[in-house]
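Undergrad: Please find the sequence and the predicted model below.
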Amino acid sequence: MDLDFSDNFIVKGKFSMKKADTEYQGKLKKKEGQKMLALEQGKLRDLQEKLYADGSKSVLIVLQAMDAAGKDSLIKHVFGGVNPQGCIVHSFKTPTDKEYDHDFLWRHYIALPAKGKIGIFNRSHYESVLVCKVHPEYNLNEKVWDSVKDFDGDFWDDRYESIRNFEKHLADNGTTIVKIFLNVSQKEQKKRFLDRINEPDKNWKFSSGDLPERALWDEYMNAYEKAINETSKDCAPWYVIPADHKWFSRVAAIQIIIDAMEKMDLKFPTLSEKETAALNDAKTQLEND
């Protein structure tokens, strides 16, 4: 089955969270999707090999979602077949004291993928306009804001601008950016939370802090909608993928990533005449050894 979802979920123009479908799976069935994912994994592996060999460009995948949307399992199933030497995952938790000593982008900048590699941000610099917007008091942990008491519209506008400038700078310097929001419904999140509680081998995934954050669902949806609208640009677009069916979100995500990497026009390096001659020389020596 030849289906391509890579252009279905890109955010162009005004995005509305209320209009975004969380259950969409097209005409694809689960078994077909799983077969498609296996085929796409091969394509991604080949593209990563070219990226690594070329060594002049990099790829940054930004994953954001509400809890239990499937970020961890998506990373496992989408990137499980690539060479681990060329792929690195960073999961950003609450900043450390050292990280609070710097601006909010610092810890993300030093975690960026080197040329030739794929970097995956499991949560990212967007937490500073998501969880920190829902809980503005968290901003006071940043030492630069000790004297600030009112985090108003100008404060957030400055943050969006900083993020846009940060991502444009990366894109201008050879990093292809793919930002994915896994859009899970509140109903499906409830089901997955209950699974974590009812299944002993999933208990470790559930945190006592999950329910208070779930109670702020509408605030988070507003924060996501605003952040996506403010920062989905041609150089760093957002893709909002329906995530109520994990198997579908994986297929859509891998196709989006493959499409972005194919546009990079990656090729294996071409040897110079001198290098080719040296290669032939080495071949002759080995054959006559």
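TA: Received the coordinates, thanks. Computed from a predicted model, the values in this text were never measured in an experiment. Residues are numbered from 1 along each chain as shown.

Undergrad: residue boundaries of the helices in the stretch 1-150 of the chain?
TA: Assigned by DSSP state H, counting those that start in this stretch, the stretch 1-150 of the chain shows helices spanning 30-54, 71-79, 97-100, 106-109, 131-134.

Undergrad: May I see those arranged in JSON lines, with distance to Ala277 as well?
TA: Every C-beta, even on glycine, is put in place using the N, C-alpha and C of the backbone. Shown next, in JSON lines, are the helices of the stretch 1-150 of the chain (distance: least, CB to CB, whole Å):
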{"stretch": "helix 30-54", "distance to Ala277": "21"}
{"stretch": "helix 71-79", "distance to Ala277": "39"}
{"stretch": "helix 97-100", "distance to Ala277": "51"}
{"stretch": "helix 106-109", "distance to Ala277": "42"}
{"stretch": "helix 131-134", "distance to Ala277": "58"}
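
Undergrad: Quick one, which of the ones you listed gets closest to Leu286.
TA: Among the helices of the stretch 1-150 of the chain, helix 30-54 comes nearest to Leu286, with 22.2 Å by CB to CB.

Undergrad: Quick check: buried residues in that closest one?
TA: Residues Gly33, Met36, Leu37, Glu40, Gln41, Leu44, Leu47, Gln48, Lys50, Leu51, Tyr52, Asp54 are the ones in helix 30-54 that count as buried (16 or more other CB atoms under 10 Å).

Undergrad: With stretch 258-266 instead?
TA: Neighbour count says stretch 258-266 has Ile258, Ala260, Met261, Met264, Leu266 buried, by 16+ other CB under 10 Å.

Undergrad: what sits up against the helix or strand hosting Asp154?
TA: Here Asp154 sits within helix 153-172, counting by DSSP states H and E. Here helix 153-172 makes contact (CB atoms under 8 Å, 6 or more residues apart in numbering) with 60, 104-105, 109, 112, 125-126, 128-129, 133, 148, 177, 226-227, 230-231, 233, 235-236.

Undergrad: Flag the shaky bits of the stretch 101-250 of the chain, pLDDT-wise.
TA: The stretch 101-250 of the chain contains residues with pLDDT under 70 at 143-150.

Undergrad: Could you pull out the strands in it for me?
TA: Ranges of strands within the stretch 101-250 of the chain are 118-122, 175-183, 238-242, based on DSSP state E, counting those that start in this stretch.

Undergrad: Take those and write them to JSON lines, including mean neighbour count and distance to Glu167.
TA: Formatted as JSON lines, those follow (neighbours: other CB atoms under 10 Å; distance: least, CB to CB, whole Å):
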{"stretch": "strand 118-122", "mean neighbour count": "22", "distance to Glu167": "12"}
{"stretch": "strand 175-183", "mean neighbour count": "23", "distance to Glu167": "6"}
{"stretch": "strand 238-242", "mean neighbour count": "24", "distance to Glu167": "11"}
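
Undergrad: Same list (the ones you listed) but as CSV, adding distance to Lys205.
TA: Listed next are the strands of the stretch 101-250 of the chain as CSV, based on distance: least, CB to CB, whole Å:
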stretch, distance to Lys205
strand 118-122, 14
strand 175-183, 16
strand 238-242, 21
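
Undergrad: To Asn288, which of those strands lies closest?
TA: Among those, strand 118-122 comes nearest to Asn288, with 41.1 Å by CB to CB.

Undergrad: Contacts for that closest one, please.
TA: Under the criterion CB under 8 Å, 6+ apart, residues 48, 51, 58-63, 71-72, 75, 79, 82, 86-92, 108, 111-113 lie in contact with strand 118-122.

Undergrad: What of stretch 80-92?
TA: Contact with stretch 80-92 is made by 41-42, 44-45, 48-49, 51-52, 75, 79, 107-108, 111, 113, 116-124, 127, as judged by CB under 8 Å, 6+ apart.
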